[in-house]
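Asks: build the 3D model from these lines:
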Amino acid sequence: MKITWRRVLLGVAVAGVIGQVSAFSFGGEDAVLIPPPTLDEVTQAHSETAVFAGGCFWGVQGVFQHVKGVQKAVSGYAGGAANTAEYERVSEGDTGHAESVQVTFDPTQVSYGSLLQIYFSVAHNPTELNRQGPDSGTQYRSALFPVNADQLKVAQAYIAQLDAAHAYSKPIVTKLESFNGFYPAEDYHQDFLTEHPSYPYIVINDMPKVANLKQMFAQRYQEKPMLVKDGS
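Replies: Residues are numbered from 1 along each chain as shown. Have a look, this model is predicted:
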């Protein structure tokens, strides 16, 4: 299995610490209770896509796969060119790509604004610049890639709302970037959290995110994840 050296070292260092991890604990970023956006999309469409970047895509994908109304969440790359959208190349940190997740969802069940609330609250820490947890580099930046004008407007308004409310102890550093395409990651990255729940990196950094989703957004949580590989 291919993983970056940072994840290899983390796995070696804590190989003996695999176990149950509860919400708000042990290595994973603390979740933050934030209000929903006051401005949200209004649409009658039953399928829409959105692209989120918030550090390692394993955890971000794992969170969104457990959200009701999400039809698919695919790990991949956004922000760079097609010819550099490959894991080993992106890991060098100079491609312009960010590890990202493309979420296909039903806006009549879960709005873009609601996905943003989950993204900013439990999926990652939006105050960390060019890093998340143990991973550092621009490929791990906090970024949104709005696919249309409505998403851009909602994202801009929500960031301004959260900043004005001082929702975090530090400023939000999430970038709003032009959407120039999404490139799915290699097959072994898809559904990584579900397939490797006891892998030390997942235990420490990502399982707490799913636990926080279940605890803080119980009405939006679904136990069975929408996996890429089984088409569920």
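
Asks: next, count neighbours for residue 118.
Replies: Residues lying near residue 118 (other Cβ atoms under 10 Å) number 26. Placement of C-beta: from N, CA and C, glycine included.

Asks: what sits up against the helix or strand harbouring it?
Replies: Using DSSP states H and E, residue 118 falls within helix 112-118. With contacts defined as Cβ atoms under 8 Å, 6 or more residues apart in numbering, helix 112-118 is touched by 34-37, 39-41, 48, 50, 52, 63-64, 67, 70, 103, 105, 144, 150-151, 154-155, 158, 213, 217, 220.

Asks: could you pull out the buried residues of that helix?
Replies: 112, 113, 114, 115, 116, 117, 118 (16 or more other Cβ atoms under 10 Å).

Asks: out of everything not next to it in sequence, what's closest to the second one?
Replies: It stands for residue 113. Leaving aside its chain neighbours, residue 113 sits nearest to residue 40 (3.4 Å; criterion: Cβ to Cβ, 6 or more residues apart in numbering).

Asks: looks to me like the one you found is in a helix.
Replies: No. Counting by DSSP: H, G, I helix; E, B strand; the rest coil, residue 40 is not part of a helix but coil.

Asks: residue contacts, it?
Replies: Applying Cβ under 8 Å, 6+ apart, the residues near residue 40 are 111, 112, 113, 114, 154.

Asks: could you rerun that using 7 Å?
Replies: 111, 112, 113, 154 (Cβ atoms under 7 Å, 6 or more residues apart in numbering).

Asks: gap between residue 217 and residue 58?
Replies: 20 Å (Cβ to Cβ, to the nearest Å).

Asks: and the next element down the chain from the longest helix seen in the chain?
Replies: Determined from DSSP state H, the single longest helix within the chain is helix 149-164. Using DSSP H and E, the next helix or strand after helix 149-164 towards the C-terminus is strand 175-176.

Asks: okay, now the sheet partners of the following helix or strand past that next one, with direction.
Replies: Using DSSP H and E, the helix or strand that follows strand 175-176 in sequence is strand 182-184. Strand 182-184 has the following sheet partners, assigned by DSSP bridges: strand 70-78 (antiparallel).

Asks: please save the CA atoms from the partner strand in CSV.
Replies: Extracted in CSV, the C-alpha atoms of strand 70-78 (Å, rounded to 0.1, in the frame of the first residue of the first chain):
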residue,chain,number,x,y,z
VAL,A,70,-24.7,12.3,0.2
GLN,A,71,-24.9,10.0,-2.8
LYS,A,72,-21.1,9.6,-3.3
ALA,A,73,-17.9,11.0,-1.9
VAL,A,74,-14.7,10.5,-3.9
SER,A,75,-11.2,11.2,-2.8
GLY,A,76,-9.0,13.0,-5.4
TYR,A,77,-7.2,16.1,-6.4
ALA,A,78,-8.2,19.7,-7.3
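
Asks: need the contact list for residue 86.
Replies: Counting by Cβ under 7 Å, 6+ apart, residue 86 has no contacts.

Asks: ditto for the one 4 residues further on
Replies: Residue 90 sits next to 77, 84, 97, 139 when contact means Cβ under 7 Å, 6+ apart.

Asks: just to be sure, the last one is in a strand?
Replies: No. Read with three-state DSSP, residue 139 is helix and lies in no strand.

Asks: burial of residue 59, as a residue count?
Replies: Counted with other Cβ under 10 Å, the neighbours of residue 59 add up to 28.

Asks: ok, it touching residue 208?
Replies: No. Between residue 59 and residue 208 there is no contact under Cβ atoms under 7 Å: 9.0 Å.
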